[in-house]
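**Student:** Next comes the sequence, and after it the predicted model I'd like to discuss.
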Amino acid sequence: MAARVDSRAASEGVAHLRRVDRRLEELIERVGPYGLGADRGPDHFGALAQSIIYQQLAGKVAAIIHGRFLGLFPKPPDARAVAALDEPTLRSVGLSGAKARALKDLSLAATDRRLPLPIDHAIDDDEVVAQLTRVKGIGPWTAHMFLMFHLGRPDVWPVGDFAIRLSAKRLYNLRGEPSRARLERLAAPWRPWRSVASWYLWRALDTPGRA
């Protein structure tokens with residue numbers, strides 16, 4: 001399913017950020033229309049499995065390995081199908097031992113309901129992160145990406161993301177490595193649209209002009 005731009009984020013969210021933060025307003029002018037979409041499909045297991053596979057890999061390499069992983073199954077795999085495979089089979093498509101074990105833990109967590117999937121959309125962001133990070137191989141960064149790109153949550157602030165930290169440091173002329181606490185304070189006025197601000201900070205690194 002193609003990602004879709006959330007119309008409220010593109011209007012209310014962008015207008016809010018323009019109003020509360022002059023530097024973000026300048027960045028928005030430079031970058032242009034908001035473009036973060038969310039794939040709100042029902043296959044939460046598949047999205048999480050893909051996120052594990054893609055961790056710390058270049059996009060093209062990750063896509064090849066993910067394609068080989070999908071090729072192990074006659075149809076898009078669910079938790080039971082992955083749980084039925086052994087670790088050597090998973091590693092045969094190019095997965096590291098750590099990622100193979102993470103996929104096994106994800107599949108077992110989903111089948112024994114330690115991680116109820118699909119995620120209930122009524123659960124708040126903090127509880128989603130708490131549930132996901134109980135699975136080996138899923139940390140806060142992966143949980144935040146899932147919240148933003150798969151659940152379409154509007155107020156996610158992934159302070160552990162390197163590009164976000166670098167962009168914020170440049171845009172606000174911060175000295176040294178910004179602490180989590182400082183980044184949280186910086187983003188407080190952006191609520192409840194921190195996902196929108198995050199998208200613009202990502203774009204700042206590949207948009208000509210002052211970052």
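**Tutor:** Received the coordinates, thanks. Residues are numbered from 1 along each chain as shown.

**Student:** May I have stretch 33-53 as CSV, with CA atoms only?
**Tutor:** Extracted as CSV, the C-alpha positions of stretch 33-53 are listed here (Å, rounded to 0.1, in the frame of the first residue of the first chain):
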residue,chain,number,x,y,z
PRO,A,33,4.8,20.9,1.2
TYR,A,34,4.7,18.3,4.0
GLY,A,35,5.2,14.8,2.6
LEU,A,36,5.2,12.2,5.4
GLY,A,37,2.7,9.4,4.7
ALA,A,38,1.6,6.4,6.7
ASP,A,39,1.0,2.9,5.5
ARG,A,40,-1.9,2.0,7.7
GLY,A,41,-2.3,-1.5,6.4
PRO,A,42,-3.3,-4.4,8.7
ASP,A,43,-0.1,-6.4,8.4
HIS,A,44,1.7,-5.1,11.6
PHE,A,45,3.7,-8.3,11.8
GLY,A,46,5.1,-7.9,8.3
ALA,A,47,5.9,-4.2,9.0
LEU,A,48,7.8,-5.1,12.1
ALA,A,49,9.6,-8.0,10.5
GLN,A,50,10.7,-5.7,7.7
SER,A,51,11.9,-3.1,10.2
ILE,A,52,14.1,-5.7,11.9
ILE,A,53,15.6,-6.8,8.6
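
**Student:** could you show me where the strands are in this structure, in order?
**Tutor:** Under the criterion DSSP state E, the chain contains strands at 4-5, 37-38.

**Student:** weakest of those by average pLDDT?
**Tutor:** For those, the bottom mean pLDDT is recorded on strand 4-5, which sits at a mean of 58.

**Student:** Identify the single longest helix in this protein, thanks.
**Tutor:** In terms of residue count, the longest helix belonging to the chain (DSSP state H) is helix 97-111.
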